[in-house]
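> Next input, structure requested:
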Amino acid sequence: MRKCQKSPLEAIARMKATKHRLHVSHLQSDLLPEKSSIEYKIPSHRTQKQISIEEYKKLLDEGYRIKDFVKIGVSKHYVGFLNAMMKGKITLDKETLAKEYCIIPLEELSKKYNISREHLTYLREYYGIKRKGAKIFKRLIRESKNELTQRQRDISLGSLLGDAYCGKWGCIAFKQSIKQYDYCLWKFNEFKEHTNYKKLKEEEYYDERYDSINSVVSFLTHTRKEFIEMRNYMYKNDRKVVTIDWLNKINELALAVWFMDDGGTDWTYRNGIKQSENSLPFSKIYTCAFSDEENNLIVDWFKKKWNIECGIKYKTPGETNPYLYFYAIDTQKLFNIIRPHVIESMKYKIDEDAYLKYKEAKRNKPPEEY
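So this is what the prediction gives:
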(Lines give C-alpha, C1' and ligand atoms only; values in the text may rest on other atoms or scores of the structure.)
Protein backbone atom coordinates (compact mmCIF):
# COMPACT_ATOMS: atom_id res chain seq x y z
CA MET A 1 0.00 0.00 0.00
CA ARG A 2 1.33 3.41 -0.90
CA LYS A 3 2.13 5.83 1.93
CA CYS A 4 -0.34 8.47 0.71
CA GLN A 5 -3.15 5.93 0.34
CA LYS A 6 -5.50 5.50 3.29
CA SER A 7 -6.53 2.03 4.45
CA PRO A 8 -10.13 0.93 3.74
CA LEU A 9 -10.96 1.18 7.45
CA GLU A 10 -9.67 4.75 7.64
CA ALA A 11 -11.65 5.69 4.54
CA ILE A 12 -14.82 4.22 6.03
CA ALA A 13 -14.18 6.10 9.29
CA ARG A 14 -13.70 9.37 7.42
CA MET A 15 -16.86 8.77 5.42
CA LYS A 16 -18.85 8.09 8.60
CA ALA A 17 -17.43 11.21 10.24
CA THR A 18 -18.39 13.33 7.23
CA LYS A 19 -21.87 11.83 7.16
CA HIS A 20 -22.26 12.53 10.88
CA ARG A 21 -21.21 16.17 10.46
CA LEU A 22 -23.73 16.60 7.64
CA HIS A 23 -26.46 15.02 9.77
CA VAL A 24 -25.72 17.33 12.70
CA SER A 25 -25.63 20.38 10.42
CA HIS A 26 -29.20 19.67 9.26
CA LEU A 27 -30.58 19.66 12.80
CA GLN A 28 -32.05 23.01 13.88
CA SER A 29 -33.31 23.73 17.38
CA ASP A 30 -35.44 26.65 16.17
CA LEU A 31 -37.65 24.18 14.29
CA LEU A 32 -38.71 22.54 17.54
CA PRO A 33 -42.29 23.26 18.69
CA GLU A 34 -42.63 24.67 22.18
CA LYS A 35 -42.32 21.94 24.77
CA SER A 36 -44.91 21.56 27.50
CA SER A 37 -43.92 23.00 30.86
CA ILE A 38 -45.52 19.92 32.44
CA GLU A 39 -43.01 17.29 33.50
CA TYR A 40 -44.53 14.21 31.90
CA LYS A 41 -44.11 11.07 33.99
CA ILE A 42 -42.77 8.22 31.88
CA PRO A 43 -44.84 5.04 32.40
CA SER A 44 -43.26 2.55 34.82
CA HIS A 45 -43.27 -0.24 32.20
CA ARG A 46 -41.06 1.85 29.88
CA THR A 47 -37.52 0.51 30.35
CA GLN A 48 -35.69 2.55 27.74
CA LYS A 49 -34.18 5.87 28.67
CA GLN A 50 -35.32 9.26 27.38
CA ILE A 51 -33.04 12.26 27.16
CA SER A 52 -33.67 15.95 26.66
CA ILE A 53 -33.03 17.82 23.42
CA GLU A 54 -30.07 19.54 25.09
CA GLU A 55 -28.53 16.23 26.14
CA TYR A 56 -29.11 14.82 22.68
CA LYS A 57 -27.33 17.74 20.97
CA LYS A 58 -24.44 17.55 23.42
CA LEU A 59 -23.91 13.85 22.77
CA LEU A 60 -24.15 14.41 19.01
CA ASP A 61 -21.40 17.01 19.26
CA GLU A 62 -19.33 14.40 21.07
CA GLY A 63 -19.72 12.10 18.07
CA TYR A 64 -22.52 9.81 19.26
CA ARG A 65 -24.30 7.76 16.63
CA ILE A 66 -27.45 5.64 16.86
CA LYS A 67 -25.57 2.57 18.15
CA ASP A 68 -23.97 4.71 20.85
CA PHE A 69 -27.36 5.99 22.00
CA VAL A 70 -28.70 2.44 22.06
CA LYS A 71 -25.73 1.39 24.24
CA ILE A 72 -26.69 3.94 26.91
CA GLY A 73 -30.32 2.73 26.86
CA VAL A 74 -31.97 5.24 24.49
CA SER A 75 -34.41 3.77 21.95
CA LYS A 76 -33.47 4.15 18.29
CA HIS A 77 -37.11 5.15 17.69
CA TYR A 78 -36.75 8.00 20.17
CA VAL A 79 -33.56 9.14 18.42
CA GLY A 80 -35.47 9.04 15.14
CA PHE A 81 -38.22 11.17 16.71
CA LEU A 82 -35.71 13.80 17.89
CA ASN A 83 -34.10 13.88 14.45
CA ALA A 84 -37.47 14.31 12.72
CA MET A 85 -38.39 17.13 15.13
CA MET A 86 -35.13 18.99 14.57
CA LYS A 87 -35.40 18.64 10.79
CA GLY A 88 -38.88 20.18 10.79
CA LYS A 89 -40.56 16.99 9.61
CA ILE A 90 -43.06 16.99 12.51
CA THR A 91 -45.17 20.15 12.51
CA LEU A 92 -48.31 19.00 14.35
CA ASP A 93 -48.89 21.58 17.09
CA LYS A 94 -49.96 20.88 20.66
CA GLU A 95 -53.44 22.44 20.44
CA THR A 96 -54.41 20.41 17.38
CA LEU A 97 -53.04 17.16 18.78
CA ALA A 98 -54.76 17.69 22.15
CA LYS A 99 -58.15 18.40 20.52
CA GLU A 100 -58.05 15.58 18.00
CA TYR A 101 -56.59 13.01 20.38
CA CYS A 102 -59.69 13.45 22.55
CA ILE A 103 -61.78 11.76 19.88
CA ILE A 104 -59.33 10.07 17.48
CA PRO A 105 -56.86 7.27 18.42
CA LEU A 106 -53.18 7.77 17.63
CA GLU A 107 -53.34 5.01 14.99
CA GLU A 108 -55.79 7.11 12.94
CA LEU A 109 -53.92 10.35 13.60
CA SER A 110 -50.77 8.64 12.34
CA LYS A 111 -52.42 8.05 8.95
CA LYS A 112 -54.01 11.49 8.85
CA TYR A 113 -50.78 13.42 9.44
CA ASN A 114 -48.34 10.90 7.95
CA ILE A 115 -46.40 10.63 11.22
CA SER A 116 -45.35 7.23 12.51
CA ARG A 117 -47.25 5.81 15.48
CA GLU A 118 -44.06 5.74 17.59
CA HIS A 119 -43.31 9.38 16.82
CA LEU A 120 -46.86 10.43 17.74
CA THR A 121 -46.49 8.71 21.11
CA TYR A 122 -43.26 10.61 21.79
CA LEU A 123 -44.87 13.86 20.55
CA ARG A 124 -47.79 13.37 22.96
CA GLU A 125 -45.31 12.95 25.81
CA TYR A 126 -43.26 15.92 24.59
CA TYR A 127 -46.37 18.10 24.80
CA GLY A 128 -47.36 16.70 28.20
CA ILE A 129 -50.68 15.30 26.93
CA LYS A 130 -51.95 12.46 29.09
CA ARG A 131 -52.46 9.07 27.50
CA LYS A 132 -56.03 7.95 26.83
CA GLY A 133 -56.69 4.27 27.16
CA ALA A 134 -58.37 2.05 24.60
CA LYS A 135 -61.54 1.91 26.70
CA ILE A 136 -62.48 5.51 26.05
CA PHE A 137 -62.15 5.10 22.27
CA LYS A 138 -64.14 1.86 22.35
CA ARG A 139 -66.82 3.70 24.33
CA LEU A 140 -66.86 6.54 21.82
CA ILE A 141 -67.28 4.05 18.96
CA ARG A 142 -70.03 2.19 20.82
CA GLU A 143 -71.94 5.33 21.76
CA SER A 144 -71.57 6.88 18.32
CA LYS A 145 -74.09 4.27 17.14
CA ASN A 146 -76.67 6.05 19.31
CA GLU A 147 -76.43 9.56 17.89
CA LEU A 148 -77.57 12.69 19.68
CA THR A 149 -80.73 14.21 18.28
CA GLN A 150 -80.79 17.89 17.31
CA ARG A 151 -83.08 18.50 20.28
CA GLN A 152 -80.50 16.98 22.65
CA ARG A 153 -77.77 19.12 21.08
CA ASP A 154 -79.87 22.26 21.59
CA ILE A 155 -80.60 21.42 25.22
CA SER A 156 -76.88 20.77 25.75
CA LEU A 157 -75.89 24.12 24.19
CA GLY A 158 -78.36 26.06 26.33
CA SER A 159 -77.49 24.16 29.50
CA LEU A 160 -73.77 24.77 29.04
CA LEU A 161 -74.44 28.51 28.83
CA GLY A 162 -76.20 27.99 32.14
CA ASP A 163 -75.57 25.57 35.00
CA ALA A 164 -74.19 22.49 33.21
CA TYR A 165 -70.49 21.62 33.01
CA CYS A 166 -68.68 19.64 30.30
CA GLY A 167 -65.68 17.67 31.57
CA LYS A 168 -62.41 17.08 29.77
CA TRP A 169 -63.48 13.55 28.92
CA GLY A 170 -66.57 14.75 27.06
CA CYS A 171 -69.37 14.06 29.53
CA ILE A 172 -71.85 16.69 30.70
CA ALA A 173 -72.78 17.11 34.36
CA PHE A 174 -76.30 18.47 34.83
CA LYS A 175 -76.94 19.86 38.30
CA GLN A 176 -79.81 21.88 39.77
CA SER A 177 -81.01 22.94 43.19
CA ILE A 178 -83.36 20.45 44.85
CA LYS A 179 -86.01 23.15 44.38
CA GLN A 180 -85.75 22.55 40.64
CA TYR A 181 -86.11 18.78 40.91
CA ASP A 182 -88.78 18.59 38.20
CA TYR A 183 -86.66 20.65 35.82
CA CYS A 184 -83.60 18.41 36.32
CA LEU A 185 -85.83 15.35 35.92
CA TRP A 186 -87.01 16.75 32.57
CA LYS A 187 -83.39 17.00 31.39
CA PHE A 188 -82.68 13.51 32.73
CA ASN A 189 -85.56 12.08 30.69
CA GLU A 190 -84.34 13.92 27.60
CA PHE A 191 -80.91 12.22 27.92
CA LYS A 192 -81.96 8.90 29.42
CA GLU A 193 -80.32 6.82 26.68
CA HIS A 194 -77.05 8.71 27.13
CA THR A 195 -76.49 8.12 30.85
CA ASN A 196 -75.88 5.16 33.15
CA TYR A 197 -77.86 6.81 35.93
CA LYS A 198 -81.12 5.05 36.78
CA LYS A 199 -82.42 8.10 38.63
CA LEU A 200 -81.30 11.55 39.72
CA LYS A 201 -78.56 11.67 42.32
CA GLU A 202 -79.37 13.72 45.42
CA GLU A 203 -76.58 15.17 47.52
CA GLU A 204 -75.58 18.09 49.74
CA TYR A 205 -72.61 20.40 49.36
CA TYR A 206 -71.12 23.32 51.24
CA ASP A 207 -71.22 26.71 49.51
CA GLU A 208 -68.35 28.87 50.80
CA ARG A 209 -69.80 32.02 49.21
CA TYR A 210 -72.85 32.03 51.47
CA ASP A 211 -71.62 29.74 54.26
CA SER A 212 -74.55 27.40 53.64
CA ILE A 213 -75.26 23.74 52.97
CA ASN A 214 -77.31 23.25 49.81
CA SER A 215 -79.17 20.25 48.44
CA VAL A 216 -78.85 19.48 44.74
CA VAL A 217 -79.92 16.86 42.21
CA SER A 218 -77.70 15.83 39.33
CA PHE A 219 -76.81 13.28 36.69
CA LEU A 220 -73.88 12.66 34.36
CA THR A 221 -73.98 11.72 30.68
CA HIS A 222 -71.78 9.25 28.86
CA THR A 223 -68.60 10.44 27.20
CA ARG A 224 -69.53 11.49 23.69
CA LYS A 225 -67.61 12.77 20.69
CA GLU A 226 -70.13 15.60 20.25
CA PHE A 227 -69.62 16.78 23.83
CA ILE A 228 -65.83 16.74 23.39
CA GLU A 229 -66.25 18.90 20.29
CA MET A 230 -68.50 21.27 22.25
CA ARG A 231 -65.95 21.57 25.04
CA ASN A 232 -63.20 22.34 22.54
CA TYR A 233 -64.89 25.56 21.40
CA MET A 234 -66.59 26.46 24.70
CA TYR A 235 -63.72 26.17 27.17
CA LYS A 236 -60.31 27.77 27.54
CA ASN A 237 -58.13 26.73 30.48
CA ASP A 238 -61.10 24.82 31.91
CA ARG A 239 -63.27 27.97 31.93
CA LYS A 240 -66.33 28.65 29.80
CA VAL A 241 -65.65 31.43 27.30
CA VAL A 242 -68.57 32.78 25.28
CA THR A 243 -67.79 33.30 21.58
CA ILE A 244 -69.93 34.37 18.65
CA ASP A 245 -69.54 30.85 17.17
CA TRP A 246 -71.18 29.40 20.28
CA LEU A 247 -73.93 32.02 20.38
CA ASN A 248 -74.77 31.52 16.72
CA LYS A 249 -75.63 27.89 17.51
CA ILE A 250 -78.27 28.99 20.04
CA ASN A 251 -81.82 28.62 18.72
CA GLU A 252 -85.20 29.12 20.42
CA LEU A 253 -85.03 25.88 22.42
CA ALA A 254 -81.44 26.46 23.57
CA LEU A 255 -82.34 30.04 24.55
CA ALA A 256 -85.32 28.76 26.56
CA VAL A 257 -83.09 26.25 28.39
CA TRP A 258 -80.57 28.98 29.19
CA PHE A 259 -83.35 31.16 30.59
CA MET A 260 -84.79 28.27 32.63
CA ASP A 261 -81.29 27.68 34.03
CA ASP A 262 -80.18 31.22 34.81
CA GLY A 263 -83.07 33.52 34.03
CA GLY A 264 -85.55 35.20 36.33
CA THR A 265 -88.38 37.72 36.23
CA ASP A 266 -89.34 40.58 38.52
CA TRP A 267 -93.13 40.68 38.45
CA THR A 268 -92.99 43.91 40.53
CA TYR A 269 -94.54 42.35 43.64
CA ARG A 270 -93.23 43.58 46.98
CA ASN A 271 -94.31 41.69 50.12
CA GLY A 272 -96.98 39.97 48.06
CA ILE A 273 -98.47 43.21 46.74
CA LYS A 274 -98.13 44.38 43.14
CA GLN A 275 -96.62 47.86 43.02
CA SER A 276 -98.97 49.04 40.31
CA GLU A 277 -101.65 47.46 38.20
CA ASN A 278 -99.97 48.93 35.13
CA SER A 279 -96.42 47.91 36.02
CA LEU A 280 -94.81 45.52 33.57
CA PRO A 281 -92.38 42.74 34.47
CA PHE A 282 -88.74 42.81 33.51
CA SER A 283 -86.47 39.81 33.24
CA LYS A 284 -82.79 39.10 33.73
CA ILE A 285 -80.25 36.38 32.95
CA TYR A 286 -77.41 35.92 35.40
CA THR A 287 -74.06 35.88 33.59
CA CYS A 288 -71.70 36.17 36.57
CA ALA A 289 -69.39 33.51 35.16
CA PHE A 290 -68.63 35.59 32.07
CA SER A 291 -66.32 38.59 31.63
CA ASP A 292 -67.48 42.10 30.76
CA GLU A 293 -66.24 41.53 27.22
CA GLU A 294 -68.30 38.35 26.93
CA ASN A 295 -71.37 40.08 28.39
CA ASN A 296 -71.06 42.87 25.83
CA LEU A 297 -70.81 40.25 23.09
CA ILE A 298 -74.03 38.64 24.33
CA VAL A 299 -75.81 42.04 24.42
CA ASP A 300 -74.83 42.68 20.77
CA TRP A 301 -75.92 39.17 19.81
CA PHE A 302 -79.39 39.63 21.34
CA LYS A 303 -79.82 42.83 19.36
CA LYS A 304 -78.59 41.46 16.04
CA LYS A 305 -80.15 37.99 16.12
CA TRP A 306 -83.36 38.51 18.11
CA ASN A 307 -83.92 42.28 17.90
CA ILE A 308 -83.99 42.35 21.69
CA GLU A 309 -82.44 45.19 23.67
CA CYS A 310 -80.77 44.39 26.97
CA GLY A 311 -78.17 45.96 29.21
CA ILE A 312 -75.60 44.90 31.78
CA LYS A 313 -76.10 45.50 35.50
CA TYR A 314 -74.18 44.29 38.52
CA LYS A 315 -75.46 42.33 41.47
CA THR A 316 -72.83 43.66 43.85
CA PRO A 317 -71.02 47.01 44.18
CA GLY A 318 -67.71 47.47 42.44
CA GLU A 319 -68.98 46.11 39.12
CA THR A 320 -68.80 42.42 40.00
CA ASN A 321 -71.31 39.61 39.33
CA PRO A 322 -72.86 40.98 36.11
CA TYR A 323 -76.27 40.05 34.76
CA LEU A 324 -78.29 40.90 31.66
CA TYR A 325 -81.25 43.20 32.23
CA PHE A 326 -84.21 43.17 29.80
CA TYR A 327 -86.56 46.11 29.69
CA ALA A 328 -90.33 45.55 29.81
CA ILE A 329 -91.01 45.52 26.06
CA ASP A 330 -87.96 43.35 25.38
CA THR A 331 -88.96 40.99 28.18
CA GLN A 332 -92.19 40.33 26.28
CA LYS A 333 -90.22 39.73 23.07
CA LEU A 334 -88.03 37.23 24.89
CA PHE A 335 -91.05 35.45 26.40
CA ASN A 336 -92.74 35.15 23.00
CA ILE A 337 -89.63 33.42 21.62
CA ILE A 338 -89.07 30.92 24.42
CA ARG A 339 -92.67 30.31 25.62
CA PRO A 340 -93.30 27.18 23.47
CA HIS A 341 -90.24 25.48 25.01
CA VAL A 342 -90.59 26.38 28.70
CA ILE A 343 -91.72 23.35 30.70
CA GLU A 344 -94.62 23.45 33.15
CA SER A 345 -92.56 23.61 36.36
CA MET A 346 -90.65 26.65 35.05
CA LYS A 347 -93.65 28.60 33.72
CA TYR A 348 -93.48 30.86 36.79
CA LYS A 349 -90.51 32.59 35.13
CA ILE A 350 -92.55 33.73 32.11
CA ASP A 351 -96.21 33.71 33.25
CA GLU A 352 -97.62 35.89 36.04
CA ASP A 353 -100.45 33.51 37.01
CA ALA A 354 -97.98 30.62 37.23
CA TYR A 355 -95.71 32.85 39.33
CA LEU A 356 -98.52 33.58 41.81
CA LYS A 357 -99.35 29.87 42.10
CA TYR A 358 -95.66 29.10 42.60
CA LYS A 359 -95.35 31.67 45.42
CA GLU A 360 -98.55 30.39 47.06
CA ALA A 361 -97.30 26.79 46.95
CA LYS A 362 -93.99 27.91 48.40
CA ARG A 363 -95.72 29.65 51.32
CA ASN A 364 -97.84 26.61 52.09
CA LYS A 365 -95.00 24.05 52.11
CA PRO A 366 -92.73 23.35 55.06
CA PRO A 367 -89.37 25.19 54.93
CA GLU A 368 -87.36 21.95 54.69
CA GLU A 369 -88.93 21.24 51.30
CA TYR A 370 -87.30 24.44 50.03
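> Val74: how many residues sit nearby?
For Val74, the neighbour count with other Cβ atoms under 10 Å is 21. In this view, the C-beta of every residue, glycine as well, is placed from N, C-alpha and C.
> Can you list the buried residues in stretch 114-131?
115, 118-127, 129 (16 or more other Cβ atoms under 10 Å).
> Return the distance of that stretch from the chain's centre.
With Cα atoms, centre = their mean, to the nearest Å as the basis, stretch 114-131 stands 21 Å off its chain's centre.
> outside of the strand ranked longest in the chain, which residues touch it?
Longest strand in the chain, counting residues (DSSP state E): strand 212-220. Strand 212-220 is contacted from outside by 171-178, 180-181, 184-185, 187-188, 191, 195-197, 200-207, using Cβ atoms under 8 Å, 6 or more residues apart in numbering.
> how about Ile273, phi and psi?
phi -120, psi 130 (degrees, to the nearest 10).
> Neighbours of it, how many?
Ile273: 7 surrounding residues under other Cβ under 10 Å.
> got the contact list for the most centrally placed residue in the chain?
Centroid-nearest residue in the chain, with Cα atoms, centre = their mean: Arg231, separated by 2.9 Å. The contact partners of Arg231, taken as Cβ under 8 Å, 6+ apart, are 166-168, 170.
> Any of the residues you listed buried? List them.
The neighbour-count test (16+ other Cβ under 10 Å) applied to the contacts of Arg231 identifies 166-167, 170 as buried.
> Now flag whichever of these is closest to Arg339.
Distances from Arg339 to the buried ones among the contacts of Arg231, taken as Cβ to Cβ, are shortest for Cys166 (27.7 Å).
> Chain neighbours aside, what residue packs nearest to the closest one?
In space, and not counting its chain neighbours, Cys166 is closest to Arg231: 4.4 Å by Cβ to Cβ, 6 or more residues apart in numbering.
> so the one you found is in which element?
Here Arg231 sits within helix 225-234, counting by DSSP states H and E.
> What residues sit buried inside that helix?
Across helix 225-234, burial judged by 16+ other Cβ under 10 Å covers 225-228, 230-232, 234.
> what's the spacing between it and its chain's center?
Centre-to-centre, helix 225-234 and its host chain are 6 Å apart (Cα atoms, centre = their mean).
> would you list the buried residues of helix 225-234 in CSV and tack on pLDDT?
Converted to CSV, these look like this (pLDDT from 0 to 100):
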residue, pLDDT
Lys225, 82
Glu226, 89
Phe227, 91
Ile228, 87
Met230, 93
Arg231, 92
Asn232, 90
Met234, 94
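> So what are the sheet partners of the next helix-or-strand element following the helix holding Arg231 and their directions?
The C-terminal neighbour of helix 225-234 among helices and strands, as given by DSSP H and E, is strand 235-236. Here strand 235-236 is paired, per DSSP bridges, with strand 239-240 (antiparallel).
> avg pLDDT for the partner strand?
When pLDDT is averaged along strand 239-240, the result is 94.
> Can you name the next helix or strand after that strand?
That would be, after strand 239-240 and using DSSP H and E, helix 244-247.
> Show me what counts as buried in that next one.
Buried, per 16+ other Cβ under 10 Å, within helix 244-247: 246-247.
> which outside residues touch that helix?
Under the criterion Cβ under 8 Å, 6+ apart, residues 157, 161, 233-234, 297-298, 301, 305 lie in contact with helix 244-247.
> Check stretch 285-293 too.
Here stretch 285-293 makes contact (Cβ under 8 Å, 6+ apart) with 240, 242, 258-259, 262-264, 294-295, 298, 312, 315, 319, 321-324, 326.
> Out of those residues, list just those in strands.
Filtering those for strands - DSSP E - leaves 240, 263-264, 312, 315, 321-324, 326.
> any idea how far Tyr355 is from Ile178?
Using Cβ to Cβ, to the nearest Å, Tyr355 is found at 20 Å from Ile178.
> Kindly tell me how buried Gly63 is, as a neighbour count.
So Gly63, with other Cβ under 10 Å, has 12 neighbours.
> What separation is there between it and Val217?
68 Å.
> Run through the stretch 201-350 of the chain and note the low-pLDDT ranges.
Scanning the stretch 201-350 of the chain for pLDDT under 70 picks out 209-210.
> Filter the contacts of strand 212-220 down to the buried ones.
Buried among the contacts of strand 212-220 (16+ other Cβ under 10 Å): 171-172, 174-176, 178, 180-181, 184-185, 187-188, 191, 200.
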